[in-house]
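Undergrad: Give me coordinates for this.
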Amino acid sequence: MVKAAVLVSGGGTNLEALLKAEEEGRMPSLHIALVIADREAYALKRAADHGRRGILIERRAIGMKRFSEELLKTLSENGIQMVILAGFLSILPETVIEAYKDRIINIHPSLIPSFCGKGFYGLKVHEAALDYGVKVTGATVHIVNEIPDGGRILMQKAVYIEPDDTAETLQRRVMEEAEWIILPQAAEMIAKEIENESR
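TA: Down below sits the predicted model:
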């Protein structure tokens, strides 16, 4: 079974979806061993509620260089083989990306290559989709590389935009109809690949 760490910055709804998927046996190749937050986040309470270890490494307080060092040290000390970004708002340092090459996945709330890259996160993504007038949006799980939202796409799921949608209602529906479904599926897929490599 592959040991994974989930990196979070906020409420942790995607973390909750991952923990439930593991508890319900939908991610048999994967164990979420650690939850790491880069700021005070409700997600750490969710981790504790599920009996998972949560660690806070405050990026703003210690700066990017030390954050990078602390993060790598923590991942290594805990035998982490795979990293899942679930609403993680810091850009990962290249040292971390290199150490976990093709083993870091991220969920993004649009159909990449639309509404992605630097500056597109959270509600901003949904506001951009509504401003542009697209009829279909969704979510994408991709491998993390040095280009924000630029790595290989693993899974996508479409969500139709309703005429009366606001950024908030759209965000909620994209989570429920796409993010919470494909993130556990993609996590299991990569964990299986890692398991097969180490056989």
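Undergrad: can you give me the strands in the chain?
TA: Under the criterion DSSP state E, the chain contains strands at 2-8, 30-37, 53-56, 82-85, 104-108, 136-143, 153-160.
Undergrad: Now mean pLDDT too, for those, in a markdown table please.
TA: Formatted as a markdown table, the strands of the chain follow (pLDDT from 0 to 100):
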| stretch | mean pLDDT |
| --- | --- |
| strand 2-8 | 98 |
| strand 30-37 | 98 |
| strand 53-56 | 97 |
| strand 82-85 | 98 |
| strand 104-108 | 97 |
| strand 136-143 | 98 |
| strand 153-160 | 98 |
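Undergrad: can I get the ones you listed in CSV with distance to L183 and mean neighbour count?
TA: C-beta here means a position set from N, CA and C on the backbone, and glycine is covered the same way. Below are the strands of the chain laid out as CSV (distance: least, CB to CB, whole Å; neighbours: other CB atoms under 10 Å):
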stretch, distance to L183, mean neighbour count
strand 2-8, 10, 25
strand 30-37, 11, 23
strand 53-56, 19, 16
strand 82-85, 8, 26
strand 104-108, 5, 24
strand 136-143, 6, 22
strand 153-160, 8, 16
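Undergrad: Provide a list of residues in contact with S110.
TA: Contact criterion CB atoms under 8 Å, 6 or more residues apart in numbering gives 116, 120, 125, 129, 137-140 as the residues in contact with S110.
Undergrad: I meant L19, not that one.
TA: Shown in contact with L19 (CB under 8 Å, 6+ apart): 32, 46-47, 50, 52.
Undergrad: hang on, P109 packs against V125?
TA: Yes: counting by CB atoms under 8 Å, V125 is a contact partner of P109 at 4.9 Å.
Undergrad: re earlier: nearest to R26 among the contacts of S110?
TA: Sorting the contacts of S110 by how near they are to R26, with CB to CB, puts A139 at the top with 17.3 Å.
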